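Participant: all I have is the shape, not the residue letters:
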Ligand SMILES: Nc1ncnc2c1ncn2[C@@H]1O[C@H](COP(=O)(O)OP(=O)(O)OP(=O)(O)O)[C@@H](O)[C@H]1O
């Protein structure tokens, strides 16, 4: 519910619109998410070219979705921290650094999964 508003909860379609708006804002303002989208597209193209099996597709698509999810949450946390304080504060640093670490952790995991999936598809494993 929007603070100060007595409107009912937004409809499902309207909520979907806000989510698309959030995604567009993140892509327009964050360099990292552009890179992650590009890597995701390249992974999908590699999957098509190498004809990876169904389970490999599940792993690749899950990794792409999870990295984008983490980056979106990280971007949201950065905005909340900036809203909470414009000053340098150790807790602001902790919140942002840990949010960034969540993206980093998933990115490394996704990279390892990608190496295993595509190395196997190339007959190297
Ligand atoms: N208010 C603050 N107080 C203390 N340290 C801060 C504060 N804001 C940012 N920092 C430090 O600067 C780093 C970068 O913060 P910033 O908000 O610029 O994120 P960013 O570089 O845009 O991150 P990303 O690349 O994920 O978008 C944070 O991880 C944190 O270590």
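Facilitator: Arrived safely, thanks for sending. Note that the structure is predicted; figures quoted are calculated from it, not measured.

Participant: which SS class is residue 67?
Facilitator: Look at residue 67: counting by DSSP: H, G, I helix; E, B strand; the rest coil, its state is helix.

Participant: show me what contacts it?
Facilitator: 36, 40, 103, 106, 107, 110 (Cβ atoms under 8 Å, 6 or more residues apart in numbering). Placement of C-beta: from N, CA and C, glycine included.

Participant: try residue 32
Facilitator: Counting by Cβ under 8 Å, 6+ apart, residue 32 has contacts 71, 103.

Participant: show me the shaky parts of the chain.
Facilitator: 6 (pLDDT under 70).

Participant: so what's the residue nearest the centre of it closest to, chain neighbours aside?
Facilitator: Note on the chain: the residue nearest the mean C-alpha position is residue 68, at 1.5 Å, using Cα atoms, centre = their mean. Leaving aside its sequence neighbours, residue 68 sits nearest to residue 36 (Cβ to Cβ, 6 or more residues apart in numbering; 6.0 Å).
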